[in-house]
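Q: Test case, fold it:
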Amino acid sequence: MFTGIIQAVGEITSVNSIETWSNAGLTLDISVGTLDLSDVRPGDSIAVNGVCLTVTTQSSCAFTADVSQETLNCTQGLDQAGSRVNLEKALRLSDRLGGHLVSGHVDAIGVVTSFMPVGESFELIIQAPSPLLRYITQKGSITVNGVSLTVNNVNGNEFSVNLIPHTIAMTNLKALKPGVQVNLETDMLARYVARLLNV
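A: Numbers count the residues shown, from 1 in each chain. Sure, this is the predicted structure:
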C-alpha cells in the first residue's frame, strides 16, 4: 500500500528478459536517486511509476525487480532503459497519509492531451479509457504515474488535474507532453463502492 506522495525520482538503468516455467517478463535494474534504501530488504515493495514491484536484490543506491508479462501488458514505461521513474516505498501503518490510499495496481493507460502552464502551476489533461470514467469524479483522487492528484474536472473521456510547483519539481511529470502515455490508478474506494452498488 502506498500514498502517492513521491519520495524520489530514479532511473531504469537496464532491462533484461526472463523466462521461467511460471513467468515470462523482465528484470529491471533501477537506480534510486535520493531514495533511502537502508530499511529496504528483498521482498519489500516499491512503487515504480505507480506500479507495485517486489525488490529482489538491493544495494545502497539501486535495486532489482521482476516484472511479469501481465504487468507489462497493462502499464507503460517499465520496459524502457533510461526512463526516469517516480519511486515510493511502501506505506507503514504509522506514516502520515498525505495523498490517498494507493494499491500500486495500475488500472489502465491514459494519454496526455494537454499540459499547459496556468500561472505558477500546470494544468494536465488526460484521456482515460471509457471503463475508468465511472470511477473518476471532480474533487476525487487519482494516481498518475504513481503521483496522488486531485481531479479538477471531468469532460467526456478526459479529466484535468492541477500540478503545483512542488509536484513538478519532485516527480517525473515535468516531462509530460501531448501524446505521452501514463499509468492510471483510480481511487480504490470508488471501485469498491461501485462494486457494492453493482454499477
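
Q: Output the contacting helices and strands for the lengthiest helix in the chain.
A: As assigned by DSSP state H, the longest helix anywhere in the chain is helix 188-197. Counting contacts by 3 or more Cβ pairs under 8 Å, 6 or more residues apart in numbering; DSSP states H and E, helix 188-197 packs against no other helix or strand. Bear in mind the C-beta positions are built from the backbone N, C-alpha and C, glycine included.

Q: Report the buried residues of that helix.
A: 188, 190-191 (16 or more other Cβ atoms under 10 Å).

Q: Setting aside sequence neighbours, what's the nearest residue to Asn157?
A: Using Cβ to Cβ, 6 or more residues apart in numbering and skipping residues adjacent in sequence, the residue nearest Asn157 is Gln127, 5.7 Å away.

Q: so what's the one you found bridging to?
A: Val111, Glu158 (DSSP bridges).

Q: domain assignment for the chain?
A: 8-89, 108-197 (automatic domain parsing).

Q: closest one to Gly98 among these?
A: domain 108-197 (7.8 Å; Cβ to Cβ).

Q: so how far does that closest one reach from one end to the other?
A: 22 Å (Cα to Cα, to the nearest Å).
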